[in-house]
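[1] Provide a 3D model corresponding to the input given below.
(chains A and B)
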Amino acid sequence: NAGVTQTPKFRVLKTGQSMTLLCAQDMNHEYMYWYRQDPGMGLRLIHYSVGEGTTAKGEVPDGYNVSRLKKQNFLLGLESAAPSQTSVYFCASVQDWAYEQYFGPGTRLTVT
Amino acid sequence: DAKTTQPPSMDCAEGRAANLPCNHSTISGNEYVYWYRQIHSQGPQYIIHGLKNNETNEMASLIITEDRKSSTLILPHATLRDTAVYYCIVRPISGAGSYQLTFGKGTKLSVIP
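    So this is what the prediction gives:
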């Protein structure tokens, strides 16, 4: 049982490039989340999903898109990366919203 | 508006109890108090949550005041591995905001040998 995994762990992009971050969970959880964390700050919610095929905007959705085609996977896309998107990205999943969220190890993204 | 207020940092001697306070004076009757921690840039880890009663699990105890305007997370015997940033989060049971956790800056707890 791997829990929540994130791919890749590290990435450096040039401004304007695109990429997709993959979050996978093997706990059959319904809810999945993408957060970003800037230095010295708490996590901020980008997008979330309450089930396969659904997505919703969080606190800071601009510049990101998401998809949840399979229940176990939640993809975060950056269509045209900007230096302001340099951050650590965390994915989380939970079976029911009231329960504890399980977080992945994070993806460290640098945009130059 | 921040829903919770926590001290930015605290120290605790190894083996002693660590008491982390959180003020949530505007909490409403349908909001839970959650605690998570983040060790050295890893993903946050759930610790405990409660509504109005005190709660205890294998990691910690949560003491909520009777008026629910503040709470304290207690780590009974702190170890060096408990050095982390601790987040106190208020979350509604239903309605807007119920699906998500809103993280503040938390309290940086340093356990000292």
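
[2] give me the neighbour count for A:Pro8.
    Neighbour count for A:Pro8, taken as other Cβ atoms under 10 Å in any protein chain shown: 12. Bear in mind the C-beta positions are built from the backbone N, C-alpha and C, glycine included.

[3] show me what contacts it?
    A:Pro8 is in contact with A:Leu21, A:Thr107, counting by Cβ atoms under 8 Å, 6 or more residues apart in numbering or on different chains.

[4] go with 6 Å
    If you count contacts by Cβ atoms under 6 Å, 6 or more residues apart in numbering or on different chains, A:Pro8 has none.

[5] show me which residues of chain A sit near chain B.
    Counting by Cβ under 6 Å from any Cβ of the partner chain, the positions of chain A adjacent to chain B are A:Gly42, A:Leu43, A:Leu45, A:Phe90, A:Trp97, A:Glu100, A:Phe103, A:Gly104, A:Pro105, A:Gly106.

[6] what's the distance between the closest residue to B:His77 other than its chain neighbours and chain A?
    Counting by Cβ to Cβ, 6 or more residues apart in numbering or on different chains, B:His77 lies nearest to B:Gly15, which is 5.8 Å off, once chain neighbours are set aside. Using Cβ to the nearest Cβ, to the nearest Å, B:Gly15 is found at 27 Å from chain A.

[7] tell me the pLDDT at B:Gly15?
    Turning to B:Gly15, the model gives it a pLDDT of 97.

[8] over to the one 4 residues further on?
    According to the per-residue confidence, B:Asn19 scores 98 in pLDDT.

[9] chain A contacts on chain B?
    Neighbours of chain A within chain B, by Cβ under 6 Å from any Cβ: B:Gly43, B:Pro44, B:Tyr46, B:Tyr99, B:Gln100, B:Phe103, B:Gly104, B:Lys105.
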